[in-house]
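*Asks:* this one's sequence-less:
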């Protein structure tokens, strides 16, 4: 299976930079793993949002889209679960 490229929306990059380093250390490896498998076990397609997926990492959610034709994953949000779906 080919590797997907992982990109961040500017807003997602800012959200990630504002998190504590201990949280980023848990989240970032899971985001990097999306390159090998963009639909890992436990991922969920969001209802009502065309083409958006999410993975849970503790209290945080990573929301992203997958473009299979271009083999690309675009991370759109990295938020605490209370703010992830607003």
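*Replies:* Looks like it arrived, so ask away. Being a predicted model, the structure only gives us computed values, none of them experimental.
*Asks:* so what's the residue sitting nearest the centre point of the chain up against?
*Replies:* Against the mean C-alpha coordinate of the chain, by CA atoms, centre = their mean, the closest residue is residue 62 at 3.5 Å. Residues in contact with residue 62 (CB atoms under 8 Å, 6 or more residues apart in numbering) are 27, 30-31, 54-55, 75, 77-78. C-betas here are computed from N, CA, C, even on glycine.
*Asks:* Which strand or helix spans it?
*Replies:* strand 60-67 (DSSP states H and E).
*Asks:* show me where the protein has strands.
*Replies:* Secondary structure of the chain (DSSP state E): strands located at 5-8, 44-45, 52-57, 60-67, 72-80.
*Asks:* low pLDDT regions in the chain?
*Replies:* 1, 86 (pLDDT under 70).
*Asks:* for it, what's the longest helix?
*Replies:* helix 21-33 (DSSP state H).
*Asks:* Which positions in that helix come out as buried?
*Replies:* Within helix 21-33, the residues scored as buried using 16 or more other CB atoms under 10 Å are 23-24, 27, 31.
*Asks:* I'd guessed residue 6 sits against residue 71; true?
*Replies:* No - counting by CB atoms under 8 Å, residue 6 stays clear of residue 71, with 10.4 Å between them.
*Asks:* Fine by me, we can end here.
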